[in-house]
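A.B. asks: Would you be able to build a 3D model of this:
(one chain, ligands or ions: 2)
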Amino acid sequence: MSGHGDPIPMTSRKGGALRGVAEVPGDKSISHRALILGALSVGRTEITGLLEGQDVLDTAKAMRAFGATVTQHGPGAWWVEGVGVGGFAEPDHVIDCGNSGTGVRLIMGCMATSPITATFTGDASLRKRPMGRVTDPIALFGAQSYGRAGGRLPMTIVGAAEPVPVSYTTPMASAQVKSAVLLAGLNAPGQTVVIEKTPTRDHTERMLRGFGAEITVEDTAEGHKITLQGQPELKAQTVAVPRDPSSAAFPVCAALLVPGSDILVPGVSQNPTRNGLFLTLKEMGADIEFLNEREEGGEPVADLRVRYSELHGITVPAERAAAQIDEYPVLSVVAACATGTTIMPGVHELRVKESDRIDAMARGLEACGVRIEEDEDTLIVHGMGPGNVPGGATCATHIDHRIAMSFLVLGLASQQPISVDDGSPIATSFPVFEDLMAGLGATIERGVA
Ligand SMILES: O=C(O)C1=C[C@@H](OP(=O)(O)O)[C@@H](O)[C@H](O)C1
Ligand SMILES: C=C(OP(=O)(O)O)C(=O)O
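C.D. replies: Numbers count the residues shown, from 1 in each chain. Ligands and ions are numbered 1, 2, ... in the order given. Here you go, the predicted model:
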């Protein structure tokens, strides 16, 4: 069964200003989808800028297990020879999605309406995460699932031999659930409808349209409504993956917190379903310029120029949660260094990510000398002002890349160094994190202080 290797303790400490250009890797959400839609298309999909993080590599492996030919032709350059909608073969081994909720949930969706059976597992973090949010809607198409108590992995899905189309209102704001339903709907006859109360990241919709599916999106009294015409022939595409705003968040926040910093982060997706953090940081007083705004790979992108800023706490609008859901850990670090209190409501989904991110951030921030308050759905950070966070702790990362990177950013701005017990999960989403941060002048080393 999947593990995540030996723990790699890491430590960051205060140093000089951060300077230079931070070229963050490709977007993780779009990378998963490029491989999956390529596998469901007819012809050869050519991808550039693919994130070669472990989460995405596990999805590439899974697509091979379902019959697609997936090959790497250079750094970030991948080809997928697809099998077409309804063409998935039955895998002859267990599909191990490692640490990736997106990978496992989207793949369960896209095999659920084919007459095949597949068994899924993942690492110790993924095996704790709820899969009922996907097995409930795919049951409506006719798929069956057999997992551990609480809808946990390992889990076997028996795809529907004669799928029926579904109309489904997502009970939580989740692009993974929405996407799983849409991908299942691809091989069902007729129209599959997904309604979401709060719009979430829309890469699946954008990319399905790009691959030739008939898909409409409208705002209705019931919510944001997506209608997909089933059984399209998806045609192979060229996909240029833009840089990941969720990875850009780490150098951006580090530059805001380290005095004298001035960095450029080029080509970062500014998709409005993903750019919540940048709006929040601006409201906190951040000096971020959005330069050279343009379209790349079907997504709005900009070059971000970021300079050190003295920030103040705010109340983050709850309705913005979906557009910055993965950025709350690093936002809570920024909040700790700001003056005044930052209130983050509407964040209960953080409790079912790679770790319980409210708990992981709360305990680690407390260990670093920051006062926090939390309830099921809210995190409140009492900022200490620039340069005033004591630090000097080792924080537990719970096999969660974003928790690891967030505390390493805090260590660059705290009085004493900060260690994390295990930085190895960083490789799931941001394999070049250490080199990229070192290139900006940050001091992040392996080992405990
Ligand atoms: O669809 C996606 O690519 C993702 C959706 C989000 O998860 P949820 O759907 O659980 O909110 C996000 O946290 C994850 O990193 C990527
Ligand atoms: C939540 C995340 O990913 P996933 O759900 O795909 O594991 C993330 O990358 O922050």
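A.B. asks: For the rest of this, base every contact and every neighbour count on C-alpha atoms.
C.D. replies: Fine.
A.B. asks: hmm, who's touching the strand or helix carrying T204?
C.D. replies: Element membership of T204 [criterion: DSSP states H and E] is helix 203-210. Here helix 203-210 makes contact (CA atoms under 8 Å, 6 or more residues apart in numbering) with 29-30, 33-34, 37, 179, 214-215, 237, 298.
A.B. asks: Just the buried residues of those residues.
C.D. replies: For the contacts of helix 203-210, a burial check counting by 16 or more other CA atoms under 10 Å picks out 29-30, 33-34, 37, 179, 214-215, 237, 298.
A.B. asks: Which members of the contacts of helix 203-210 are positioned in helices?
C.D. replies: 29-30, 33-34, 37, 179 (DSSP state H).
A.B. asks: Return the member of these nearest to ligand 2.
C.D. replies: Sorting the ones in helices among the contacts of helix 203-210 by distance to ligand 2 puts S29 at the head of the list, at 7.6 Å, by CA to the nearest ligand atom.
A.B. asks: any idea how far the closest one lies from ligand 1?
C.D. replies: S29 sits at a distance of 4 Å from ligand 1 (criterion: CA to the nearest ligand atom, to the nearest Å).
A.B. asks: buried set for stretch 252-270?
C.D. replies: 252-259, 261-270.
A.B. asks: And the contacts of stretch 92-105?
C.D. replies: With CA under 8 Å, 6+ apart, stretch 92-105 has contacts from 1-4, 29, 32, 54-56, 58-59, 62, 65, 118-123, 125-126, 129, 131, 134, 176-177, 180, 353-354, 428.
A.B. asks: Quote the end-to-end distance of that stretch.
C.D. replies: Start and end residues of stretch 92-105 are separated by 19 Å (CA to CA, to the nearest Å).
A.B. asks: tell me the mean pLDDT for it?
C.D. replies: For stretch 92-105, mean pLDDT rounds to 98.
A.B. asks: residues near the closest residue to P390 other than its chain neighbours, how many?
C.D. replies: Excluding the flanking residues, the one nearest P390 by CA to CA, 6 or more residues apart in numbering is Q415, at 5.0 Å. When neighbours are counted by other CA atoms under 10 Å, Q415 registers 17.
A.B. asks: surely Q415 meets P386?
C.D. replies: No - with contacts counted by CA atoms under 8 Å, Q415 stays clear of P386, the gap being 10.2 Å.
A.B. asks: Just give me the closest of the ones in helices among the contacts of helix 203-210 to V334.
C.D. replies: The closest of these to V334 turns out to be S29 (CA to CA; 24.2 Å).
A.B. asks: can you tell me which residues contact the closest one?
C.D. replies: 102, 203.
A.B. asks: From G385, how far off is it?
C.D. replies: S29 is 34 Å from G385, by CA to CA.
A.B. asks: for A286, same thing?
C.D. replies: Distance from A286 to G385, by CA to CA: 14 Å.
A.B. asks: what's the burial count for the closest residue to ligand 1 within the stretch 251-400 of the chain?
C.D. replies: Scanning the stretch 251-400 of the chain for proximity to ligand 1 using CA to the nearest ligand atom identifies D326 as nearest, at 5.2 Å. Neighbour count for D326, taken as other CA under 10 Å: 21.
A.B. asks: List the contacts of it.
C.D. replies: Applying CA under 8 Å, 6+ apart, the residues near D326 are 246, 402.
A.B. asks: mind redoing it with 10 Å?
C.D. replies: 245-247, 249, 274, 277, 349-350, 353, 357, 402 (CA atoms under 10 Å, 6 or more residues apart in numbering).
A.B. asks: did I read that right, it in a helix?
C.D. replies: Yes - secondary structure of D326 (DSSP: H, G, I helix; E, B strand; the rest coil): part of a helix.
A.B. asks: List, one by one, the residues from the stretch 51-200 of the chain near ligand 1.
C.D. replies: Contact residues (CA under 6 Å from any ligand atom) of the stretch 51-200 of the chain with ligand 1: 102, 174-177.
A.B. asks: Who wins on neighbours among those residues?
C.D. replies: V177 (27 neighbours).
A.B. asks: Tell me the spacing between it and ligand 2.
C.D. replies: From V177 to ligand 2 the distance is 11 Å (CA to the nearest ligand atom).
A.B. asks: going forward, begin numbering at 518 instead of 1
C.D. replies: Yep, numbering from 518; the last one is V694 now.
A.B. asks: Spell out which residues sit in contact with that residue, please.
C.D. replies: 619, 622-623, 626, 648-655, 687-688, 700, 711, 713.
A.B. asks: Mark which of those residues are buried, thanks.
C.D. replies: Counted by 16+ other CA under 10 Å, the contacts of V694 give 619, 622-623, 626, 648-652, 654-655, 687, 700, 711, 713 as buried.
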